[in-house]
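K.L.:
sequence and predicted structure are below.
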Amino acid sequence: MTESLLRFPKADFDRYFVAFAKLGPLVHYDGAKGQSKIAVLAGKGKIVTANYVAHAEFAHGTAEIDLGLIREQGHWKINAFHVNSPLIF
């Protein structure tokens with residue numbers, strides 16, 4: 001993952017994936033559902049965001065994956081990434 005795709009330090013992203021490894025290999029992915037939003041704000045212009053939630057089964061348990069994106073300078077960037085599972089943290 002390149003730094004330019006993230007709105008936060010890559011080291012943070014890498015640390016999370018060490019924790020996510022507790023889930024084990026992916027067994028089944030149910031797909032993602034979500035939506036995008038466009039807002040026009042005085043002084044900031046157009047802001048485009050998207051949020052998606054996916055459910056997946058891993059070898060050691062299930063997880064809900066939340067992904068937040070934002071469009072900046074013509075490119076989508078990861079604004080938020082959360083994996084919710086009782087096995088993590």
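P.N.:
In hand now; what should we look at? The model shown is predicted, which means the values in this text are computed figures rather than measured ones.
K.L.:
the biggest strand by length in the chain - contacts with which helices or strands?
P.N.:
Longest among the strand segments of the chain by residue count, using DSSP state E, is strand 26-41. Packing contacts for strand 26-41, counted by 3 or more CB pairs under 8 Å, 6 or more residues apart in numbering; DSSP states H and E, involve strand 45-58, strand 61-72. Where you see a C-beta, it was placed from the backbone N, CA and C, and this is true even at glycine.
K.L.:
can I get those strands in a markdown table including distance to residue 84 and mean neighbour count?
P.N.:
A markdown table is the format used below for the helices and strands packed on strand 26-41 (distance: least, CB to CB, whole Å; neighbours: other CB atoms under 10 Å):
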| stretch | distance to residue 84 | mean neighbour count |
| --- | --- | --- |
| strand 45-58 | 9 | 14 |
| strand 61-72 | 4 | 16 |
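K.L.:
got TSV for those strands, with mean pLDDT too?
P.N.:
Below are those laid out as TSV (pLDDT from 0 to 100):
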stretch	mean pLDDT
strand 45-58	95
strand 61-72	94
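K.L.:
in the longest strand of the chain, what's buried?
P.N.:
By neighbour count with 16 or more other CB atoms under 10 Å, strand 26-41 contains no buried residues.
K.L.:
what's the angle from it to strand 45-58?
P.N.:
Angle, strand 26-41 to strand 45-58, by axes from the mean of the first three to the mean of the last three CA atoms, to 10 degrees: 170 degrees.
K.L.:
now strand 26-41: average pLDDT?
P.N.:
For strand 26-41, mean pLDDT is 95.
K.L.:
nearest to residue 12, of the helices and strands packed on strand 26-41?
P.N.:
Closest approach to residue 12 among the helices and strands packed on strand 26-41 (CB to CB): strand 61-72, 14.2 Å.
K.L.:
got the CA positions of that closest one in PDB?
P.N.:
Provided in PDB are the C-alpha atoms of strand 61-72 (Å, rounded to 0.1, in the frame of the first residue of the first chain):
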ATOM      1  CA  GLY A  61     -13.700 -16.200  13.300                       C
ATOM      2  CA  THR A  62     -15.800 -13.600  11.600                       C
ATOM      3  CA  ALA A  63     -15.300  -9.900  11.100                       C
ATOM      4  CA  GLU A  64     -17.000  -6.800  10.000                       C
ATOM      5  CA  ILE A  65     -14.800  -4.600   7.800                       C
ATOM      6  CA  ASP A  66     -15.600  -0.800   7.600                       C
ATOM      7  CA  LEU A  67     -13.800   1.200   4.900                       C
ATOM      8  CA  GLY A  68     -14.000   5.000   4.500                       C
ATOM      9  CA  LEU A  69     -12.800   6.700   1.400                       C
ATOM     10  CA  ILE A  70     -12.300  10.300   0.400                       C
ATOM     11  CA  ARG A  71     -11.600  11.800  -3.100                       C
ATOM     12  CA  GLU A  72      -8.800  14.300  -3.000                       C
END
